[in-house]
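>>> Provided below are the primary sequence and the corresponding predicted coordinates.
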Amino acid sequence: MPSGTKRQQRTERIGCLDTGFGKVYLERRNGGPNIYARTHIKGGYAIYNTKKTNERDARVEAGWWFQDLYKQAQTETLHGHKFTDVAERCLYWLETTKRGEISDGQIRNYKQKWSVLNGSASDEPGTWADLFNDDLKIEDIDYTWLSQFRLVRKQWATNKRGTTITNATLRKDMLFFRLVFKYAIEVEKIIAKMPAFPEWRGTFAVAKNPTPHLSLGEYMMLVSVAKERMNEPDLNPRTRRQREELLMFVLISVCSALRVGEAESITWADCEKGKMTSGGEVLDCVRMWVFGKHGKAKNEREKAIGLYHAVEASDHLKAARPDAKPTDKLFLENHRDGLRDLYQSAGLWEVRRDNGTIAYRTAKSFRHTGISLWRAWSKNPDIDEIATWARTRRVHIEDWYNQNPVEKAVPNIVALRTPKRALP
């Protein structure tokens, strides 16, 4: 048989059993001696090896098989499977079976999403949580139910800042439902097919919403304010260390274009001081091996290179912690609250977009800032080279990371060369 050729199955029908509730076909396959029973039930085909070689015995065995199958189908139709139970079993399956294939952070996100959807994450769950009543079966969830759920969530749900949730959040809701349905189909095999999902257009269209970055002036202002806060008098030692580390976190993240998870994964053993030549100029750099999002294996790392402020920040941290072990992390603190306070102190917390909506800067903004600054201020801004440095792809820079305003791009194209001769 040629390589890649799919084997053709030969089926010989030798009889049909009419049970009154459905037909069961008796077949031999590929010339084998055993007789198989095949029927259509619960929206799909079921096949059973009777392990009998003559039609008479096979009919009896197939009859008992279909009877058990039909009773099971009727019981499931009557009682069904509670969606909440299936969702809990799906999360347990992810926890015990898919860990390592799916990141711990993604599994945690799925759990948090379910706690929000079923209302357990709040003392006063929203109206949408009432849709998960004891009578809701996974078999009963269809396009109409999903559309109604999305509408109720859109009307009542708010985020942690008290504003209406975005369509991107609603789409993540639907992705969770899709995950549970896939589990029910492929693992438990309790439903036959995926229901139709609502479309994302019109009022539910999901617009691109990249994390807001910092311009060069804003970045320098943030660094200046961070230094002032770090050097404030009468700070207790712990607060001073936290603010000092936060400043170093900002500098290294921006000048190495690090994702938040990458920055948090770095240990001292992952860092190496070095030099590189750029345009005839020798520059200090720090090479870091980080757990990036593209690693296929559990311990696979990617190389990040920090320049300028990143080198100064790593030197500062090293001098501040002379007794640090190679396995110690560079960043020991959780800077979520401290970073928000820093943004607010610098007046850089909120950003009004061109469409009038309000966005908020987070630790993710530093990677966007680093890529945007390299794109705007490099002597030879090659997007492919920037993408290689930032461990991403050109299309992602064009779609998400390059947030330089049009005013920055226009002066680069309006300067026309003087023609060699006057135009007629």
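Received it, and whenever you're ready, just let me know what you need.

>>> how about the helices in the stretch 251-400 of the chain?
If you assign secondary structure with DSSP state H, counting those that start in this stretch, the helices in the stretch 251-400 of the chain sit at 260-265, 309-320, 336-345, 365-377, 383-389, 394-396.

>>> Could you export these as a markdown table, including mean pLDDT and distance to Thr39?
Heads up, the C-betas are built off the backbone N, CA and C, glycines and all. Compiled in a markdown table, the helices of the stretch 251-400 of the chain are given as follows (pLDDT from 0 to 100; distance: least, Cβ to Cβ, whole Å):
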| stretch | mean pLDDT | distance to Thr39 |
| --- | --- | --- |
| helix 260-265 | 88 | 50 |
| helix 309-320 | 93 | 66 |
| helix 336-345 | 93 | 57 |
| helix 365-377 | 89 | 56 |
| helix 383-389 | 87 | 55 |
| helix 394-396 | 81 | 49 |
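
>>> Nearest to Ala196 among those helices would be which one?
Taking Cβ to Cβ as the criterion, helix 394-396 is the member of those that comes nearest to Ala196, at 29.7 Å.

>>> Remind me what the closest one packs against, helices and strands.
Here helix 394-396 is seen to pack against helix 383-389 when contacts are counted using 3 or more Cβ pairs under 8 Å, 6 or more residues apart in numbering; DSSP states H and E.

>>> buried set for the helix it packs on?
Neighbour-count burial for helix 383-389, with 16 or more other Cβ atoms under 10 Å as criterion, is recorded at Ile383, Ile386, Ala387, Trp389.

>>> got it, and stretch 35-50?
For stretch 35-50, the buried set under the neighbour-count rule, 16+ other Cβ under 10 Å, comprises Ile35, Tyr36, Ala37, Arg38, Thr39, Ile41, Lys42, Tyr48, Thr50.

>>> Need the residue closest to the centroid of this structure.
The central residue of the chain, meaning the one whose C-alpha is nearest the mean C-alpha position (Cα atoms, centre = their mean), is Gln106 at 6.6 Å.

>>> Can you name the next helix or strand after the helix or strand it falls within?
Gln106 is part of helix 104-117 when elements are defined by DSSP states H and E. Scanning forward in sequence from helix 104-117, with DSSP H and E defining helices and strands, the next element found is helix 143-156.

>>> The helix or strand that that following helix is followed by vs helix 104-117, what angle?
On the C-terminal side of helix 143-156, the closest following helix or strand by DSSP H and E is helix 167-183. Inter-element angle recorded for helix 167-183 and helix 104-117: 100 degrees (by axes from the mean of the first three to the mean of the last three Cα atoms, to 10 degrees).

>>> The helix or strand following helix 167-183 packs against which elements?
Once the chain leaves helix 167-183, the next helix or strand it forms, by DSSP H and E, is helix 216-230. For helix 216-230, the contact count by 3+ Cβ pairs under 8 Å, 6+ apart identifies helix 237-256, helix 336-345, helix 365-377 as packing neighbours.

>>> Include distance to Glu262 and mean neighbour count when you put these into a markdown table, please.
Rendered in a markdown table, the data for those read as follows (distance: least, Cβ to Cβ, whole Å; neighbours: other Cβ atoms under 10 Å):
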| stretch | distance to Glu262 | mean neighbour count |
| --- | --- | --- |
| helix 237-256 | 8 | 21 |
| helix 336-345 | 16 | 15 |
| helix 365-377 | 9 | 23 |
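
>>> Ok, which of those comes nearest Ser278?
If you check each of the helices and strands packed on helix 216-230 against Ser278 by Cβ to Cβ, helix 365-377 wins as the nearest, at 12.2 Å.

>>> Does anything pack onto the closest one? Which helices or strands?
Using 3+ Cβ pairs under 8 Å, 6+ apart as the contact definition, the elements that helix 365-377 packs against are helix 216-230, helix 237-256, helix 383-389.
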